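**Student:** let me see the structure of the following:
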Amino acid sequence: MFLKNKKIVVMGVANKRSIAWGCAKALKEQGADIIYTYQNDRMKKQLLKLAEPTDLLVECDVASDESIAQAFQTIQEKYDKIDGLVHAIAFANKEELDGNVSDISRSGFLLAQDISSYSLLAVAHYAKPLLNPGSGIVTMTYLGSERAIPNYNMMGIAKASLETAVKYLAYEFAADKIRVNGISAGAIKTLAVTGVKDYDQLIKISEGRTPDKAGVTIEEVGNTCAFLVSELAAGIVGDIIYVDKGVHLT
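**Tutor:** Modelled structure (predicted):
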């Protein structure tokens, strides 16, 4: 249990199929105390079905600096310090995912960048004073950041921005002994993926390109996340780790 008594913030759990939930389970298995954030009351209801009574649940809308500041103030009042942060938040309007990239609206572009990329910078800003030396920040990305994936358009652009943010944050935070990394997870049937047109075909193609013809699971992504948050990953800084069963190889 290499995370025993560590306090880890997990952002982005929507339901039991969420990658963030896979991360939370793996963190708990390694002894961590989880602090969940949720966007609104509707998401809180879903989270209450999964969280344990002893878990701290904190409202945090990443589209609002005031909400983020209040969330981390609440966390600080409860725990003083934390040992890690898992950022698994992304959003783009459905109409910005399929069709032509050149037709993406200005407002849709800004919204996707705000929620999917800038939010990492924002939460890192407010989390930094709370993070103990040796802490790890982990975010979630996808292969669409570097290759043109059908029906992923705006989100692919936002994920490319997110991955660059990881590098710059990692360089900045390293001086405080805080590591920042990302996980490029394979296609998994999550709530987010179901917003992608023909997502079932995307998952089928992805599974067909793995060497063992089996798709990655949220548990496998979660185990990698637990490792990256921990001091076992002390030598990994500013990297994107593929957890896609080898899809990126071909």
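**Student:** what kind of secondary structure is residue 86 in?
**Tutor:** Assigned state for residue 86: strand (three-state reduction, DSSP: H, G, I helix; E, B strand; the rest coil).
**Student:** now do stretch 37-52: distance to the chain's middle.
**Tutor:** 16 Å (CA atoms, centre = their mean, to the nearest Å).
**Student:** hang on, I meant stretch 241-250
**Tutor:** For stretch 241-250, the distance to the chain centre is 17 Å (CA atoms, centre = their mean).
**Student:** contacts for stretch 19-29?
**Tutor:** Residues outside stretch 19-29 that contact it (CB atoms under 8 Å, 6 or more residues apart in numbering): 1, 3, 8, 10-15, 34, 36, 50, 84, 86, 88, 138, 140, 185, 188, 190, 217-223, 225-226, 229. Using the backbone N, CA and C atoms, a C-beta is placed for each residue, glycine as well.
**Student:** of those residues, select the buried ones using a ChimeraX command.
**Tutor:** Buried residues within the contacts of stretch 19-29, by 16 or more other CB atoms under 10 Å, are selected in ChimeraX with:
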select :3,8,10,11,12,13,14,34,36,50,84,86,88,138,140,185,188,190,217,218,220,221,222,223,225,226,229
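**Student:** quick check: residue 92 vs residue 16, distance?
**Tutor:** In this view, residue 92 and residue 16 are 23 Å apart by CB to CB, to the nearest Å.
**Student:** helices - which of the contacts of stretch 19-29 land there?
**Tutor:** Among these, the ones falling in helices (DSSP state H) are 218, 219, 220, 221, 222, 223, 225, 226, 229.
**Student:** closest to residue 212 out of those?
**Tutor:** Of all those, residue 212 sits closest to residue 220, with 12.1 Å by CB to CB.
**Student:** residue 92 and residue 16 - which one has more neighbours?
**Tutor:** Between residue 92 and residue 16, counted using other CB atoms under 10 Å, the more crowded position is residue 92 (26 against 12).
**Student:** can you tell me which residues contact the nearest residue to the more buried one once chain neighbours are set aside?
**Tutor:** Leaving aside its sequence neighbours, residue 92 sits nearest to residue 112 (CB to CB, 6 or more residues apart in numbering; 3.8 Å). Counting by CB under 8 Å, 6+ apart, residue 112 touches 90, 91, 92, 93, 96, 154, 155, 157, 158.
**Student:** got the buried residues for the longest strand anywhere in the chain?
**Tutor:** Longest strand in the chain by number of residues, with DSSP state E as the criterion: strand 131-141. Neighbour-count burial for strand 131-141 flags 131, 135, 136, 137, 138, 139, 140, 141 (criterion: 16+ other CB under 10 Å).
**Student:** how about stretch 162-172?
**Tutor:** 162, 163, 165, 166, 167, 169, 170.
**Student:** repeat that for stretch 83-98.
**Tutor:** By neighbour count on 16+ other CB under 10 Å, the buried set for stretch 83-98 is 83, 84, 85, 86, 87, 88, 89, 90, 91, 92, 96, 97.
**Student:** thanks a lot, catch you later.
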